[in-house]
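K.L.:
heads up, no residue letters with this:
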């Protein structure tokens, strides 16, 4: 005999949504927390923000309250930085159990406003029509405009002007530099907008270079050296005032310092071609040495424990577990209790990558300047100089494969591309086959770049045929710098008629 309750099986569904456990990084805090899969992200972001901010400041802090009203939390993936929309769920975003997320704050342009259904629908349609234009796009357009304006002002300062015009333009340049530094310092120190501060700080470099360079270049080579030294001092002062953007100031200061040393060597009496060839070779070799020279800047010092070597194990075992005297305070600066957080490790690695990219950009930019001066030295470009400068471009281009980060790759690939274009353009004034050869080089480089882009595959630990070929080409290009440089200097002509 079957009972009615036993024959009808009931399925009980819990009202609590399904959860996954993730790690959320925000500020100086890491949260290992369970979050619902099927609820919109906007429903639990305020609670996450409160948990994170409870560790960063005291509740009685007035400035913290104002900051909370002016910002809103944004949840994004830790590895890719892709933001998760507030209307999406974690399931829709593809978040899995154990994934790393980042909770960051973005400044609100205005307090959130509640609309009725009609106005909200119209706003959604307007947003869909101009999806690519947002506050970030407007910010970057403004920063690009500021840098273009600084470059235009620098070009105006280079032009020949009367004394009255020169004084007026110099005054405008000083005002522009002071204003840019002030706004950059405010953006970094008051609003934590580091990208804005870096962009505004970069705009000061061309204006500062022309302000100190145009008057001092009239004194010849020593005046140019003085201008480079003055630019180093101005860059250091701007960086100390702004407080961020060390890599852009480091790259420009390194290039200015190396160019100043090269011009000083030429002013002493060394030939121009010797200075240019040696400078190009040395700077390209330094680009290859940067990873080895900076191998330890992205690591923290290993923690150590204080050990008394004079005390044996028996003394430690027989020690009184309840001492009457207070133990002296030990130094925990480099102990296991002072381990860096995940945010500190990520910041250290990011800063190290930017430092390496600045060094690479400074060395590669100096090599481009030296090769350009060598090409412009004579009225007609000869084959020796053409071959040497093209070898420099190839060596820099192949060297851009080795760095792991995009910032380091761009720091080498961009000067290499610029040098290849400069060589092929100036080579149009060479002897007859050289213009055609330069055009062929540009076409071959363009076709090779397209082929490499189409056949690119994810990086594999095992070497492939293409990587092996590029390694051999890199080795040959670096090894050919000195022999081709000696050919450009005419050393082989003194060894006999067969050269």
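P.N.:
Everything's here; your move. As the structure is a prediction and not an experimental result, all values here were calculated from the model. Numbers count the residues shown, from 1 in each chain.

K.L.:
doesn't residue 412 make contact with residue 400?
P.N.:
Yes - using CB atoms under 8 Å, residue 400 is in contact with residue 412, at 4.0 Å. Where C-beta positions appear, they are placed from N, C-alpha and C, glycine not excepted.

K.L.:
and the two? which has more neighbours close in?
P.N.:
residue 412 (27 against 20; other CB atoms under 10 Å).

K.L.:
now the strands for the protein?
P.N.:
Here the chain has its strands, by DSSP state E, at 19-26, 29-36, 71-77, 100-107.

K.L.:
can these go into CSV with extra columns for mean pLDDT, mean neighbour count and distance to residue 281?
P.N.:
Formatted as CSV, the strands of the chain follow (pLDDT from 0 to 100; neighbours: other CB atoms under 10 Å; distance: least, CB to CB, whole Å):
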stretch, mean pLDDT, mean neighbour count, distance to residue 281
strand 19-26, 84, 17, 45
strand 29-36, 83, 16, 48
strand 71-77, 82, 18, 44
strand 100-107, 82, 16, 44
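
K.L.:
Would you tell me which of those strands gets closest to residue 210?
P.N.:
strand 100-107 (34.1 Å; CB to CB).

K.L.:
I'd like the distance from that closest one to the chain centre, please.
P.N.:
Centroid separation for strand 100-107 versus its chain: 20 Å, with CA atoms, centre = their mean, to the nearest Å.

K.L.:
Run me through the strand neighbours of it, direction for each.
P.N.:
Under the criterion DSSP bridges, strand 100-107 sits next to strand 19-26 (parallel), strand 71-77 (antiparallel) in its sheet.

K.L.:
Now render those strands as CSV, adding distance to residue 96.
P.N.:
Shown next, in CSV, are the strands paired with strand 100-107 (distance: least, CB to CB, whole Å):
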stretch, distance to residue 96
strand 19-26, 7
strand 71-77, 11
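
K.L.:
Quick one, which of those gets closest to residue 448.
P.N.:
Per CB to CB, nearest to residue 448 of the strands paired with strand 100-107: strand 71-77, 34.3 Å.

K.L.:
That closest one vs strand 29-36, what angle?
P.N.:
Here the directions of strand 71-77 and strand 29-36 differ by 80 degrees (axes from the mean of the first three to the mean of the last three CA atoms, to 10 degrees).

K.L.:
I'd like the numbering to begin with 10 instead of 1 from here.
P.N.:
Shifting the count to begin at 10 puts that one at strand 80-86.

K.L.:
which residues sit against strand 80-86?
P.N.:
Strand 80-86 has contacts (CB atoms under 8 Å, 6 or more residues apart in numbering) with 33, 50, 54-55, 57-58, 91-93, 104, 108-117, 121.

K.L.:
Kindly report the same for stretch 477-485.
P.N.:
Here stretch 477-485 makes contact (CB under 8 Å, 6+ apart) with 403, 404, 407, 408, 410, 472.

K.L.:
which of the residues you listed are buried?
P.N.:
Among the contacts of stretch 477-485, those buried by neighbour count (16 or more other CB atoms under 10 Å) are 403, 404, 407, 408.

K.L.:
so how far is residue 38 from the third one?
P.N.:
With the distance defined as CB to CB, to the nearest Å, residue 407 ends up 44 Å from residue 38.

K.L.:
Check the first one too.
P.N.:
Distance, residue 403 to residue 38, using CB to CB: 49 Å.

K.L.:
confidence score at residue 89?
P.N.:
Listed pLDDT for residue 89 reads 78.

K.L.:
whoops, residue 389 was the one
P.N.:
Residue 389 is given a pLDDT of 86.

K.L.:
pretty sure it is touching residue 440, no?
P.N.:
Yes - judged on CB under 8 Å, residue 389 makes contact with residue 440 at a distance of 6.7 Å.

K.L.:
More neighbours: which of the two?
P.N.:
Per other CB under 10 Å, whichever of residue 389 and residue 440 has more neighbours is residue 440, with 12 against 9.

K.L.:
Contacts only, for that one.
P.N.:
Applying CB under 8 Å, 6+ apart, one finds that residue 440 lies in contact with 389, 390, 391, 392.

K.L.:
which two in those residues are spaced the farthest apart?
P.N.:
With CB to CB as the measure, no two of the contacts of residue 440 lie farther apart than 389 and 392, at 10.5 Å.

K.L.:
quick revisit: so which of the contacts of stretch 477-485 sits lowest on pLDDT?
P.N.:
The lowest pLDDT within the contacts of stretch 477-485 belongs to residue 472, with 65.

K.L.:
Okay, now the unreliable bits of the stretch 310-459 of the chain?
P.N.:
310-347 (pLDDT under 70).

K.L.:
Then the stretch 60-209 of the chain?
P.N.:
Counting by pLDDT under 70, the stretch 60-209 of the chain has low-confidence residues at 64-79, 117-143.

K.L.:
which residues of it fall in helices?
P.N.:
71-79, 126-138, 144-167, 172-198, 203-226 (DSSP state H, counting those that start in this stretch).

K.L.:
Out of those, which one sits most buried?
P.N.:
Most buried of the helices of the stretch 60-209 of the chain by mean neighbour count (mean count of other CB atoms under 10 Å) is helix 203-226; its value is a mean of 21.

K.L.:
which helices and strands sit right next to it?
P.N.:
Here helix 203-226 touches helix 144-167, helix 172-198, helix 230-251, helix 255-277, going by 3 or more CB pairs under 8 Å, 6 or more residues apart in numbering; DSSP states H and E.

K.L.:
Which residues belonging to the shortest one are considered buried?
P.N.:
By that I understand helix 230-251. 230, 232-237, 239-241, 243-244, 247-248, 251.

K.L.:
ok, so of those residues, who is nearest residue 348?
P.N.:
Looking across the buried residues of helix 230-251 and measuring by CB to CB, the closest to residue 348 is residue 248, at 30.0 Å.

K.L.:
From residue 81, how far out is that closest one?
P.N.:
The value you get for residue 248 to residue 81, if CB to CB is used, is 31 Å.

K.L.:
Work out the gap between stretch 440-450 and the centre of the chain.
P.N.:
Here the centre of stretch 440-450 is set off from its chain's centre by 36 Å, with CA atoms, centre = their mean.

K.L.:
in that stretch, what's buried?
P.N.:
443, 447, 450.

K.L.:
just to revisit the earlier point, show me the buried ones among the contacts of stretch 477-485 that map onto helices.
P.N.:
Mapping those onto helices (DSSP state H) picks out 403, 404, 407, 408.

K.L.:
so which of the residues you listed would you say is closest to residue 278?
P.N.:
Relative to residue 278, the closest of these is residue 404; by CB to CB it sits at 29.1 Å.

K.L.:
so the closest one touches residue 490, yeah?
P.N.:
Yes - under the criterion of CB under 8 Å, residue 404 is in contact with residue 490, at a separation of 6.2 Å.
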